[in-house]
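In: need a structure here:
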Amino acid sequence: MIIVMGLPGVGKSTILKSLIERNPNIKVVNYGDLVLSSAKEKFGVENRDKINSLSIKDHLILQKEAIKKISNEIKKIKKENPSSILILDTHAVLRKPDGYLPGLAPDIFNLPIEAFIFIDAPTKEILERREKDRFRKRPTMEEDEINKLREISISFINQYSTVSGKQYFILINKKGKINETVNEAEKIINRFM
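Out: This is a model prediction of the structure:
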């Protein structure tokens, strides 16, 4: 499994969609979708943006359930096609109203992680992309908030890398350069297939 992270608005979903189109052996699971599925069942949460209002204790419960689902998905994928690889689409950190929470729960490090990829973009481009996103209702952020979230995300990824003993990569997805970013991501992923 390769864990791909990025700030909301860096173009992570677009990059992952392109990777799937290029290589049918790449399977993507969205961590937020798994958490949302459990949040709907357990807490009656209607959408992803409402999950943030849950307590840290509730978040950890949802994360543990998501990790069980990821483990089952890895087994299923490997059984169907041993040369496939699972990409976990997630965020390095969750911004809560009163602080930050690791995007990955400790139990995830019991799964077979190959590497981490952090997709980033220039701050102004992130803000532009967030404003244009019609599918999500995200809170407004200023440049300094994006920069702080980036700094905290990289700090958490350093910890994830240390705990797992696995390498991480940083890709910059600049405006108009998506194909180059997808090519870089594909080269990294191919090393672990």
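
In: make it CA atoms for all contacts and neighbour counts henceforth
Out: Noted.

In: does anything pack onto the helix or strand encompassing E184? Which helices or strands?
Out: Here E184 sits within helix 178-190, counting by DSSP states H and E. Applying 3 or more CA pairs under 8 Å, 6 or more residues apart in numbering; DSSP states H and E, we find helix 178-190 packed against helix 12-22, strand 168-172.

In: could I get these as JSON lines with mean neighbour count, distance to D120 and mean pLDDT?
Out: Output for the helices and strands packed on helix 178-190, formatted as JSON lines (neighbours: other CA atoms under 10 Å; distance: least, CA to CA, whole Å; pLDDT from 0 to 100):
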{"stretch": "helix 12-22", "mean neighbour count": "16", "distance to D120": "9", "mean pLDDT": "95"}
{"stretch": "strand 168-172", "mean neighbour count": "16", "distance to D120": "5", "mean pLDDT": "97"}
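
In: for I188, find the nearest of those.
Out: Of all those, it is strand 168-172 that lies closest to I188, at 8.3 Å by CA to CA.

In: L36 and I113: what is the separation?
Out: Noted for L36: a distance of 23 Å to I113, by CA to CA, to the nearest Å.

In: contacts for stretch 11-24?
Out: Contact with stretch 11-24 is made by 5-6, 26-28, 89, 119, 129, 173, 178, 181-182, 186, as judged by CA atoms under 8 Å, 6 or more residues apart in numbering.

In: of the residues you listed, closest to R150?
Out: Checking those one by one against R150 (CA to CA), the nearest turns out to be G6, at 8.4 Å.

In: now that closest one: closest residue in space that isn't a chain neighbour?
Out: I119 (4.8 Å; CA to CA, 6 or more residues apart in numbering).

In: again with E143
Out: Per CA to CA, 6+ apart, closest to E143 is T123, 6.4 Å.

In: hey, where'd the strands end up in this structure?
Out: 2-6, 26-30, 85-90, 93-96, 99-102, 115-120, 168-172 (DSSP state E).
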